[in-house]
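Q: structure of the sequence below:
(one chain, ligands or ions: 1)
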Amino acid sequence: MDFPFDLNALFPERISVLDNNLSAGRKAHGRPDPLLQITTVIDELGKASSKAQHLPAPITSAAKLQTNRHHLYLLKDGEQNGGRGVLVGFLKVGYKKLFLLNQRGAHLETEPLCVLDFYVTETMQRHGYGLELFEFMLKHKRVEPEQMAYDRPSPKFLSFLEKHFDLKNSVPQVNNFVVFDGFFQSRSAVQLRKVPPKKPEGEIKPYSLMEREVVREEQRALPWPFVRPAGPPHSPPLLPSSPQSRSLSVGSSPSRAPHRPVVALGLQQGQTPSSQLNDSCRTKRTSSLNRSRLSFH
Ligand SMILES: CC(=O)SCCNC(=O)CCNC(=O)[C@H](O)C(C)(C)COP(=O)(O)OP(=O)(O)OC[C@H]1O[C@@H](n2cnc3c(N)ncnc32)[C@H](O)[C@@H]1OP(=O)(O)O
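A: This next block holds a predicted model:
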């Protein structure tokens, strides 16, 4: 995906890590405010991802990133587009409080790192870029794939997880998150706490609306004066398989501090242990990129 500005000036590193402070560490020395351009990049990628997943609206945007404690990993190829670079894809992760069922069907309160959105531009898929992003994130977050939860993974993403990480046996859940064998064994990354027994006055309601469902709710909400009168629910409950259904959790984790100090824009790839991998990937993929550049419009 290319843009009408220099991506290399905006994102000096091959993989940049963005947090809620989009322009952290960046000063516009006599240049236009880079925040506008960064916003454009994130919003366009978010739109493309939602389209690829048949979602009713983007779940990734600059505005959403600014109001959450998520990390967005952006992968570029700096050599394309006449040296101005192209955006290859992104991966968004964040901690979520989730009530999950273990293999014995017990509800446990957990707060794992979750994959929330993941996208590689169509013509660049199946060239190893997704793996490059994912492995970079694993090292940055110091987490193993089986310790993570996956927010309604698409068939392509499930295939990706099985191929690269041998994750195939999921533990059935009643929400849209997917966790795999090994999740409940790894206590280091997952804080497990048994949910107190059911209260006599009613059912435990472990799930509240979260990102993917919120998008749907936002779409549904009508502005005044078009607000619908109180009545029965607008639609029947969504099936987990519905492309519009979004995952449920007890919400984001505003109190959780990142594992490390947040590295906003400009994380040096050379400073991470994944650089060797990236270098080898880079060499392998340059030729494919020439054939497969996507246009911004
Ligand atoms: C929680 C969430 O974010 S769910 C949403 C996940 N995102 C999407 O579904 C959007 C569309 N898909 C994509 O953007 C990409 O395919 C991603 C991000 C899932 C994977 O990125 P890629 O760069 O294609 O992955 P990478 O090249 O490293 O790995 C390839 C493997 O991924 C899987 N995969 C990638 N594309 C496809 C596809 N079109 N069909 C089936 N499997 C696919 C396969 O296992 C593939 O291995 P194979 O080619 O040997 O079959």
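
Q: what is the rounded mean pLDDT of stretch 159-168?
A: For stretch 159-168, mean pLDDT is 98.

Q: and for stretch 172-181?
A: Mean predicted lDDT for stretch 172-181 stands at 94.

Q: and stretch 57-73, by the same measure?
A: Here the average pLDDT along stretch 57-73 is 97.

Q: near the ligand at all, that stretch?
A: No: judged by C-beta under 6 Å from any ligand atom, stretch 57-73 stays clear of the ligand, getting no closer than 8.6 Å. Bear in mind the C-beta positions are built from the backbone N, C-alpha and C, glycine included.

Q: now do the end-to-end distance for that stretch.
A: Terminal residues of stretch 57-73 are spaced 20 Å apart (C-alpha to C-alpha, to the nearest Å).

Q: pull out the buried positions in it.
A: The neighbour-count check on stretch 57-73 (16 or more other C-beta atoms under 10 Å) flags 58-62, 64-65, 68-73 as buried.

Q: how about those, which pair is most distant?
A: Within the buried residues of stretch 57-73, Pro58 and Arg69 form the most distant pair, 18.6 Å apart (C-beta to C-beta).

Q: out of the buried residues of stretch 57-73, which is nearest to Phe136?
A: Tyr73 (6.1 Å).

Q: now for the strand or helix carrying the closest one, which elements pack on it?
A: Element membership for Tyr73 (DSSP states H and E) is strand 71-77. Helices and strands touching strand 71-77, by 3 or more C-beta pairs under 8 Å, 6 or more residues apart in numbering; DSSP states H and E, are strand 15-18, helix 34-52, strand 86-95, helix 129-141, helix 275-291.

Q: tell me the angle that strand makes with strand 86-95.
A: 160 degrees (axes from the mean of the first three to the mean of the last three C-alpha atoms, to 10 degrees).

Q: strand 71-77 to helix 34-52, inter-axis angle?
A: Using the same axes, to 10 degrees, strand 71-77 lies at 90 degrees relative to helix 34-52.

Q: so where do the helices sit in the chain?
A: 7-10, 34-52, 62-66, 129-141, 155-165, 211-220, 275-291 (DSSP state H).

Q: least reliable of those going by mean pLDDT?
A: helix 275-291 (a mean of 37).
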